[in-house]
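# got a predicted structure plus its sequence, pasted below:
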Amino acid sequence: MGEDVPHWLNAVANLIGFGIPAGFIAVGIWMFVKTRRFMGNAKRVSMTVVDIGIHETFEDGVPQTDYLPVYEYRPAAGEMVQARAFDMTPTRPELGAQKVMLVDPNEPDVVRDSGVVGYGLAAFCIALGVPALIAALIYI
């Protein structure tokens, strides 16, 4: 920035220019590591849909409904566990329906359909952060 700009404004520009992209990259790496750890430990388990949460939003004035199924299953050694899926679905699941999900035996209340959502969000955050950080290095 030019000489006539106050030093504090340069500091703010640098913080925004480098901090926000670095934050996106850090979150992306954290999500990638967390998803990879989950997928490394996960076991496929047959579960039953026992409840359905509803999440309603409006996009351009049009109502959108997503469903958050709650699953119940019995781990290899233990009592029945209820767990909510990591991701929502636009189709309403049937109560009592059986579905094979992934579960980490170390965190029995966390279930996922796959690792696609976690890896996708990680890639998205990194894809936003890297070009922004490069631009900040070039222009600031």
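Great, that's in hand.

# what's the nearest residue to residue 42 once chain neighbours are set aside in contact with, if anything?
Of all residues beyond its chain neighbours, the one nearest residue 42 is residue 102 (4.0 Å), with distances taken as Cβ to Cβ, 6 or more residues apart in numbering. The C-beta positions use only the backbone N, C-alpha and C, and glycine is treated the same way. Applying Cβ atoms under 8 Å, 6 or more residues apart in numbering, we find residue 102 in contact with 38-39, 42-45, 111-115.

# quick one, domains of the protein?
Using automatic domain parsing, the domains assigned to the chain come out as 7-37+120-139, 43-113.

# quick check: closest non-adjacent residue to residue 129.
In space, residue 129 is closest to residue 24, 3.2 Å off (Cβ to Cβ, 6+ apart).

# tell me what the longest strand seen in the chain is packed against?
Secondary structure of the chain per DSSP state E: the longest strand is strand 43-59. Applying 3 or more Cβ pairs under 8 Å, 6 or more residues apart in numbering; DSSP states H and E, one finds that strand 43-59 makes contact with strand 62-73, strand 81-85, strand 98-104.
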